[in-house]
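*Asks:* no FASTA, just this:
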Ligand SMILES: Nc1nc2c(ncn2[C@@H]2O[C@H](COP(=O)(O)OP(=O)(O)OP(=O)(O)O)[C@@H](O)[C@H]2O)c(=O)[nH]1
């Protein structure tokens, strides 16, 4: 049964009216939803293991309701909220991540408590259930570009953290957040204690980002973890990607939202060499194909080789050579020697005497030196939906990054591929309610006048006057990672995954100029660039300029730009 079933079956106006008259005794859920809720509660309790005593059944039900019975998301939320709560906001310049994306508000989870008839609908979130009978949100018809010009907001940038499995990506980001005081000492010590208890002593810092029980028990990242921090000049969003080959589709989703990348390399004996054959290479090629041009290479775990400058230089030289063949320009590469575990050269320069040979920028300084990609401010609105969930403000709340254009309160939007209209009730950017937001910002939109069944992770929200078209066939200018020929493939664009096939290869192209070298080649070898035609099993929102990755048999076979 669909996770949206309860919402879909409701006539929202009636639901609110009926709500007034329900008695205490009635079960607030339909039998199907009660079954889903009971099963979900049991699954969440099992996943929480020994931590289950810290969470009540009501809190579990709230989380399940909010996340449409998604057990993983509910567990991640409950852990961050009740098992390892974040510290209260400090006066530090560094801001905590967006609270609205972090999970259900208590009141939001109450809409089905039919017995509490006297409760104010606005405080229960019931108001949010009226989908088609509420008045349309009012627009102030702002000229967003001139508002932007006037407000001169802090620069915002997103970066994806990639690299071979176990290179130390999550540990480094956990440590960075700790050193920037986004995460406090008590929380880190607690995570370290818990990690030790579970025989994962070295993963305490990584658990700041890896919050799912399965991630913790396996010691690997499985999905993108998003956290936010601010420096003096920039509001950054971290997209911590999984290194494990099995979860590469989540890494692709992260890379598609990034302005630049941190590539983490394990410098310890033999680890760099095996990583280069594995995800180091694949991730570098992928992020470049996804349009990321600035790369900061964090050469990590230098504590394990006594801060050998020779090892750093050896890795730096090999990586610079490899990255330039992957089409990164030397001026867009930076190399920082670090120990993510100890915090050397992340926020503060290393105090280890053995590391004194390095006098260059720290990792954070290199982040500050990175220019976000040019924003397509004047283009029509395009926003890829990262996640859909319920909040007190709206049963259809979406988070994601505005890739092009702008959005303001009261705007009418079109959701593709469902083709349904929605309106913007309110907007959150950098945790604060705002009247408008522009390309490059990660935002939360509270939508009205749309049923949640019509909005999915990976959808595109666009301007109804200039909608993104839907298609099931597209032409791609693709870099081959493997041999290409007419064959079945999986197509990845942001969060969207679709089965399809390479239907034709009309041309082999010159890598530098894009000119046709040969018409209708039979196969394309790795490293070549070709124009290929891909057919999908169903229609999805597609337009020129989108970045797409093709995979087959568990391998990335090509990536490129829609023509
Ligand atoms: N000695 C040392 N160990 C480190 C350092 N950074 C990470 N580690 C260890 O390396 C292991 C893997 O760290 P993670 O942060 O989980 O690695 P990851 O790259 O995020 O892993 P995946 O996301 O699953 O690919 C853990 O045991 C860490 O404690 C470091 O700078 N020095």
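*Replies:* Nice, thanks for sending it over. These numbers were taken from a predicted model, which means no experiment stands behind them. Numbering: from 1, shown residues only.
*Asks:* residue 310 - that's part of a helix, no?
*Replies:* Yes - counting by DSSP: H, G, I helix; E, B strand; the rest coil, one finds residue 310 located in a helix.
*Asks:* look up how far the ligand lies from it.
*Replies:* Going from residue 310 to the ligand by C-beta to the nearest ligand atom, to the nearest Å gives 18 Å. (Glycine included, C-beta is placed from N, CA and C.)
*Asks:* separation between that residue and residue 139?
*Replies:* Applying C-beta to C-beta, to the nearest Å, the value for residue 310 to residue 139 is 62 Å.
*Asks:* give me the more crowded residue out of those two.
*Replies:* residue 139 (14 against 8; other C-beta atoms under 10 Å).
*Asks:* let's verify the more buried one: helix, strand, or coil?
*Replies:* Strictly by three-state DSSP, residue 139 counts as coil.
*Asks:* ok, it touching residue 407?
*Replies:* No - with contact defined as C-beta atoms under 8 Å, residue 139 does not reach residue 407; the gap is 10.8 Å.
*Asks:* excluding sequence neighbours, find me the nearest residue to residue 554.
*Replies:* In this structure, residue 554 finds its nearest non-sequential neighbour in residue 245, 7.1 Å apart by C-beta to C-beta, 6 or more residues apart in numbering.
*Asks:* and the one you found, its phi and psi?
*Replies:* When quoted as degrees, to the nearest 10, the phi and psi of residue 245 stand at phi -60, psi -30.
*Asks:* how about the contacts made by it?
*Replies:* Residues near residue 245 by C-beta atoms under 8 Å, 6 or more residues apart in numbering: 165, 278, 279, 282, 554.
*Asks:* which one is the third one nearest to, not counting chain neighbours?
*Replies:* Read it as residue 279. Using C-beta to C-beta, 6+ apart, the closest residue to residue 279 is residue 164 (4.3 Å).
*Asks:* repeat that for residue 266.
*Replies:* Distances taken as C-beta to C-beta, 6+ apart put residue 167 closest to residue 266, at 4.5 Å, once the chain neighbours are dropped.
*Asks:* wait, that neighbour touches residue 262, no?
*Replies:* No - counting by C-beta under 8 Å, residue 167 does not reach residue 262; the two are 10.4 Å apart.
*Asks:* name the helix or strand for whichever residue of the chain sits closest to the ligand, please.
*Replies:* Going by C-beta to the nearest ligand atom, the ligand is nearest to residue 243 of the chain, at 2.5 Å. Counting by DSSP states H and E, no helix or strand carries residue 243.
*Asks:* not counting sequence-adjacent ones, nearest residue to it?
*Replies:* Take residue 243 and drop its neighbours on the chain: the residue closest to it by C-beta to C-beta, 6+ apart is residue 165, 3.8 Å away.
*Asks:* residues contacting that neighbour?
*Replies:* Counting by C-beta under 8 Å, 6+ apart, residue 165 touches 220, 242, 243, 244, 245, 278, 279.
*Asks:* give me the number of residues near the third one?
*Replies:* When neighbours are defined as other C-beta under 10 Å, residue 243 has 27 of them.
*Asks:* you'd agree residue 407 is in a strand?
*Replies:* Yes - judged by three-state DSSP, residue 407 forms part of a strand.
*Asks:* so it sits against residue 444, correct?
*Replies:* No - contact criterion C-beta under 8 Å: residue 407 and residue 444 do not qualify, at 11.3 Å.
*Asks:* list residues touching both of these two?
*Replies:* residue 427.
*Asks:* would you confirm that the residue nearest to residue 279 contacts residue 278?
*Replies:* Yes - with contact defined as C-beta under 8 Å, residue 164 reaches residue 278; the gap is 5.0 Å.
*Asks:* comparing the two, which residue is more hemmed in?
*Replies:* Using other C-beta under 10 Å, the more surrounded residue of residue 164 and residue 278 is residue 164, with 26 against 16.
*Asks:* break this protein down into its structural domains.
*Replies:* Split into domains by automatic domain parsing, the chain comes to 2-127, 155-369, 382-462, 470-562.
*Asks:* average pLDDT across the last one?
*Replies:* By that I understand domain 470-562. Over the span of domain 470-562, the pLDDT mean works out to 92.
*Asks:* ends of it, what's the gap?
*Replies:* For domain 470-562, the separation between the terminal residues is 13 Å (C-alpha to C-alpha, to the nearest Å).
*Asks:* go on, the second one?
*Replies:* Separation of the first and last residues of domain 155-369 by C-alpha to C-alpha is 12 Å.
*Asks:* the shortest one too?
*Replies:* The stretch domain 382-462 measures 5 Å between its terminal residues, going by C-alpha to C-alpha.
*Asks:* please, which helix or strand holds residue 450?
*Replies:* Residue 450 belongs to no helix or strand, assigned by DSSP H and E.
*Asks:* my read: it touches residue 420, true?
*Replies:* Yes - with contacts counted by C-beta under 8 Å, residue 450 reaches residue 420, the gap being 5.5 Å.
*Asks:* more neighbours, the two?
*Replies:* Taking other C-beta under 10 Å, residue 450 and residue 420 do not tie; residue 450 has more neighbours (21 against 16).
*Asks:* find the nearest non-adjacent residue to residue 144, please.
*Replies:* residue 406 (4.1 Å).
*Asks:* how many residues are close by that neighbour?
*Replies:* Residues near residue 406, counting by other C-beta under 10 Å: 24.
*Asks:* how about the contacts made by it?
*Replies:* So residue 406 contacts 144, 145, 148, 377, 381, 436, 437, 438, 439 (C-beta under 8 Å, 6+ apart).
*Asks:* can you give me how far the helix or strand where the second one lies is from the chain middle?
*Replies:* In this case it means residue 145. For residue 145, the element it lies in under DSSP H and E is helix 144-151. In terms of C-alpha atoms, centre = their mean, to the nearest Å, the centre of helix 144-151 is found 27 Å from the chain centre.
*Asks:* low-confidence ranges, the stretch 51-200 of the chain, go.
*Replies:* Within the stretch 51-200 of the chain, the stretches with pLDDT under 70 are 84-135.
*Asks:* try it again with 50
*Replies:* Across the stretch 51-200 of the chain, the ranges flagged by pLDDT under 50 are 87-131.
*Asks:* and the helices in it, which stretches?
*Replies:* For the stretch 51-200 of the chain, applying DSSP state H, counting those that start in this stretch gives helices covering 57-66, 71-78, 121-124, 144-151, 169-179, 185-197.
*Asks:* the stretch 201-350 of the chain too?
*Replies:* 213-218, 248-255, 271-277, 279-289, 309-325.
*Asks:* name the stretch among those helices that sits most buried.
*Replies:* Ranked by mean neighbour count, the helices of the stretch 201-350 of the chain are led by helix 248-255 with a mean of 25 (mean count of other C-beta atoms under 10 Å).
*Asks:* mean confidence for that one?
*Replies:* 83.
*Asks:* what does it contact?
*Replies:* 160, 162, 222-224, 239-243, 261, 279, 282-283, 286-287, 290, 292, 386, 492, 494-495, 497, 549, 551, 556.
*Asks:* which of those residues are buried? Put it as a ChimeraX command.
*Replies:* Buried subset of those, written as a ChimeraX selection, criterion 16 or more other C-beta atoms under 10 Å:
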select :160,162,222,223,224,239,240,241,242,243,261,279,282,283,286,287,290,292,386,492,494,495,549,551,556
